[in-house]
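1. predicted model follows, preceded by the sequence.
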Amino acid sequence: MGSTLFEKIWNQHRVYQSDDGQSLLYVDLHLVHEVTSPQAFEGLRMAGRSMRRLDLTFATMDHNIPTDNPFVVHDPIAKRQIDALTDNCREFRVPLADLSSAEQGIVHVIGPELGLTLPGKTIVCGDSHTATHGAFGALAFGVGTSEVEHVLATQCLWQSKPKTLQVQLNGKLAPGVAAKDVILGLIAAHGIRFGTGYVIEYTGSAIPFLSMEERMTICNMSIEAGARAGLIAPDGITFAYLKGRAHAPKGVEWEKCLDDWKKLKTDVDASYDKTVVMDVSLLSPQLTWGTNPGMGGSVEGVVPHPSEYADEAQRFAVSEALQYMGLTPGTKFTDISVQHVFIGSCTNGRIEDLRVAATVVKNRKVAPGVRALVVPGSKGVKRQAEAEGLDEVFLQAGFEWREPGCSMCLGMNPDIVPPGQRCAATSNRNFEGRQGRGARTHLLSPAMAAAAAIAGHFVDIRQWELEQTGGVAHGTIGPA
Amino acid sequence: MEPLVRHKGKVACLNRVNVDTDQIIPKQFLKRIEKSGYDPFLFYDWRYLENGEINEQFELNQGEVQGASILVAGDNFGCGSSREHAVWALRDYGFRILLAPSFADIFYNNCFKNGVLPIRLNSDSWSKLAPYFKGEERWMTVDLERQEVEICEGMVLSFEIDPHRKQMLVEGLDDIGLTMRYQQYIEIYEKEQMAPYQRVYD
């Protein structure tokens, strides 16, 4: 019997297999940021240990960074953490894209952008959205700080082999429907733990129509379905994206790698432990109404009533969520007003996301009483957007144009939503307090978020006349 | 790490599903660079009111669960962010044992690195448990060696645990120290299988 893509990468990286079923896996790329690393470096220091592979480690700062002026950190505790990363990288000689580097940005945006992320690699980072890198056919997953320390010291991790879950995405997305709607729709349909214990491989006829950035959006939120990793087999679109990137192989080495990467697909006679199928052509734009990413639905719908749920625990969770969100069952989604709009994050802070949002807001104005932020995912994304004049489009519409970072996705920096206020966010989590204590988060696509900023309430983007008709041309946007 | 073989402790029950790590420890407390001292921040937004006063309604603020070291919680405990701070906060608060029908994967891993034992109970056992712990002071004994939880006299549930993780907890082993014993295998791997275009995927 053949192997799945996941199994091929897993087997290739197994350094040792113990009798009790644990594998010691080699890590090809370890990405580091300021929040989950200080205790790991401290652990090394205390034990007198050194780092095994500086050349396979890359650090940046993103979670805490103020996006108005990144160099002025008013919060002394945040400053201490940023300084700690600088000091640790200097002491251990880890390459660091700090605030003055042209490469700085959200760790899951810069990995692919710099060509550090490559097919077939094992990639870890102390951040659950590491699943993003799976879009390239890499096995990428989030780890805790103890595991960060373990990788710093040994370049390996003990893992028990997860099960495999095939998510077959068939059909072509309708105009106005985005990759974000695919993953939100999937989680709304199957819940926030259908991937727990599994690694997802996204397959199906929809994949060749998705650009790399769209694939990253989908893989990014695999963790919101409970799966630590989500992969897509690399293809021509993957290779075209990577070619010429700063850290990608060059010349003869590139050709040799290509031969290798073309083998990275699931064999026809391989089997998965579980399969779910979704016809993406039937999808409407999605948004969440509750306090986890599975509490969502199509934009033409209404806020549900707890009595619609069979299970008592679910009824309780839904009524708690509605109370927190300040929503009444039966309310049409398009009647819900917003006070904040956040376009950015490792889910939707890339150039294509900004392009589609700019198309929506062009020659329009942000509604009175709405504060709207665009936070590019990296310095690279920001430069590209400015070269295309997108910053002007956003500024003229009344958006704030910010410096790169995680920003309002988790509000570790000063970008937070005040209690009781509602935010349309292109990020990945709508947990209680995620964007600030009492903040009410609705997750949606960049186009839907941009439209909500203009209208002051949620709208069905498909009903808008856009200047460039047809919305995004899926899968057609090449490397920057 | 302090070995965990047998543990008797007071029980607290959090009868909620999908408790995410943003609730276990909100992001404003992730900026610290220390590995301990997270006790005051555990469940911060539930434990305290907006004005900073104790939230009398919150399960862990009830008199009978003060000093609890065993937490019974609902399905999918620890979902969301990978922050190990969530386990540090639970540990620093005094919890050594967690019981739930299921845990999120990254959180589950993080527990073992910090001497905290997460026990998966089947839903049946759990639904019997939750009401039992409401409103009264209860104690429980966990025997990791035998993989058993004694809920009360005469009621013993067994649980599954990966043998590797069990050994780590029972012996209080340092993960990195253990891996260093495999250094020769790591060196062989680096020498023979590392070059990107020499990789064999089968």
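-> Here it is on my side, so go on. Owing to the predicted nature of the structure, the values given are computational and were not obtained by experimental measurement.

2. contacting residues for A:Asn64?
-> Contacts for A:Asn64 (Cβ atoms under 8 Å, 6 or more residues apart in numbering or on different chains) come out as A:34-35, A:73, A:75, A:78, A:81-82, A:405, A:412-413, B:31. Heads up, the C-betas are built off the backbone N, CA and C, glycines and all.

3. how about it, nearest residue that isn't a chain neighbour?
-> Among residues not flanking A:Asn64 along the chain, A:Ala78 sits closest, at 4.3 Å (Cβ to Cβ, 6 or more residues apart in numbering or on different chains).

4. rewinding a little: which one of the contacts of A:Asn64 is nearest A:Ser146?
-> A:Val35 (14.6 Å; Cβ to Cβ).

5. how about the closest one, secondary structure?
-> coil (DSSP: H, G, I helix; E, B strand; the rest coil).

6. give me the neighbour count for the nearest residue to it once chain neighbours are set aside.
-> Counting by Cβ to Cβ, 6+ apart, A:Val35 lies nearest to A:His63, which is 4.5 Å off, once chain neighbours are set aside. Residues lying near A:His63 (other Cβ atoms under 10 Å in any protein chain shown) number 24.

7. likewise the one 5 residues further on?
-> By other Cβ under 10 Å, 11 other residues sit near A:Asp68.

8. and the gap between the residue nearest to B:Asp143 when sequence neighbours are not counted and chain A?
-> Nearest residue to B:Asp143 in three dimensions, chain neighbours excluded: B:Arg6, at 5.1 Å (Cβ to Cβ, 6+ apart). For B:Arg6, the distance to chain A equals 22 Å [Cβ to the nearest Cβ, to the nearest Å].

9. wait, what's in contact with A:Lys332?
-> A:Lys332 neighbours (Cβ under 8 Å, 6+ apart): A:301-302.

10. close to chain A, is the helix or strand of chain B with the lowest mean pLDDT?
-> Lowest mean confidence among the helices and strands of chain B (mean pLDDT, DSSP states H and E): helix B:123-132, at a mean of 74. No - figure legend: helix B:123-132 not in contact with chain A (Cβ under 8 Å from any Cβ of the partner chain); closest approach 9.6 Å.

11. now B:Asp175. Nearest residue, chain neighbours left out?
-> A:His150 (5.6 Å).

12. for the helix or strand that neighbour falls within, the distance to its chain's centre please.
-> If you go by DSSP states H and E, A:His150 is part of helix A:145-154. Helix A:145-154 sits 23 Å away from the centroid of its parent chain (Cα atoms, centre = their mean, to the nearest Å).

13. can you get me a residue count around the residue nearest to B:Asp143?
-> The tally of other residues near B:Arg6 (other Cβ under 10 Å) stands at 12.

14. and if you look at A:Ala317?
-> 22.

15. which residues does it contact?
-> Counted by Cβ under 8 Å, 6+ apart, A:Ala317 has contacts B:16-18.

16. buried ones among those?
-> Buried members of those, counted by 16 or more other Cβ atoms under 10 Å in any protein chain shown: B:16-18.

17. excluding covalently adjacent residues, which one is nearest to A:Asn88?
-> A:Phe41 (4.0 Å).

18. residue boundaries of the helices in chain B?
-> B:21-24, B:44-47, B:85-93, B:105-112, B:123-132, B:163-171, B:175-180, B:183-193 (DSSP state H).

19. and for the stretch 351-480 of chain A?
-> According to DSSP state H, counting those that start in this stretch, the stretch 351-480 of chain A carries its helices in the segments A:351-361, A:379-387, A:390-397, A:446-455.

20. could you dump those to CSV with mean pLDDT and distance to chain B?
-> Formatted as CSV, the helices of the stretch 351-480 of chain A follow (pLDDT from 0 to 100; distance: least, Cβ to the nearest Cβ, whole Å):
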stretch, mean pLDDT, distance to chain B
helix A:351-361, 98, 22
helix A:379-387, 98, 23
helix A:390-397, 98, 26
helix A:446-455, 98, 21
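
21. just say which of these is most tucked in.
-> Highest mean neighbour count of the helices of the stretch 351-480 of chain A: helix A:446-455, a mean of 28 (counted as mean count of other Cβ atoms under 10 Å in any protein chain shown).

22. picking up where we left off before, in CSV: the helices of chain B, plus mean neighbour count.
-> Formatted as CSV, the helices of chain B follow (neighbours: other Cβ atoms under 10 Å in any protein chain shown):
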stretch, mean neighbour count
helix B:21-24, 25
helix B:44-47, 18
helix B:85-93, 25
helix B:105-112, 26
helix B:123-132, 14
helix B:163-171, 16
helix B:175-180, 17
helix B:183-193, 14
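
23. hey, least reliable of the ones you listed by pLDDT?
-> With a mean of 74, helix B:123-132 has the lowest mean pLDDT of the helices of chain B.

24. can you list the residues that contact it?
-> Against helix B:123-132 from outside (Cβ under 8 Å, 6+ apart): B:13, B:15, B:72, B:74-75, B:99-101, B:121, B:138, B:151-152, B:157.

25. confidence-wise, which of the residues you listed comes last?
-> For those, the pLDDT minimum is B:Cys152, 81.

26. that residue and A:Arg14, how far apart?
-> In this view, B:Cys152 and A:Arg14 are 44 Å apart by Cβ to Cβ, to the nearest Å.

27. same thing with A:Asp391?
-> 47 Å.

28. go on, B:Val142?
-> Taking Cβ to Cβ, one finds B:Val142 at 33 Å from A:Arg14.

29. who has more neighbours, those two?
-> B:Val142 (23 against 18).

30. specify the beta-bridge partners of that one.
-> Beta bridges link B:Val142 to B:His7, B:Val149 when assigned by DSSP bridges.

31. per-residue pLDDT, it?
-> Reported pLDDT for B:Val142: 97.

32. could you do A:Asp311 as well?
-> 87.

33. and the residue nearest the centre of chain A, how far from A:Glu34?
-> In chain A, the residue lying closest to the centroid (Cα atoms, centre = their mean) is A:Thr347, at 3.1 Å. In this view, A:Thr347 and A:Glu34 are 20 Å apart by Cβ to Cβ.

34. so how far is stretch A:106-113 from its chain's centroid?
-> That offset, for stretch A:106-113, works out to 10 Å (Cα atoms, centre = their mean).

35. using CSV, list the CA coordinates for it.
-> The C-alpha coordinates for stretch A:106-113 follow below in CSV (Å, rounded to 0.1, in the frame of the first residue of the first chain):
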residue,chain,number,x,y,z
ILE,A,106,4.5,38.0,11.2
VAL,A,107,6.5,34.8,11.5
HIS,A,108,4.0,32.9,9.3
VAL,A,109,4.1,35.6,6.6
ILE,A,110,7.8,35.9,6.4
GLY,A,111,8.7,32.2,6.4
PRO,A,112,7.1,31.7,2.9
GLU,A,113,7.9,35.2,1.7
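
36. I'm done for today, thanks for sticking with me.
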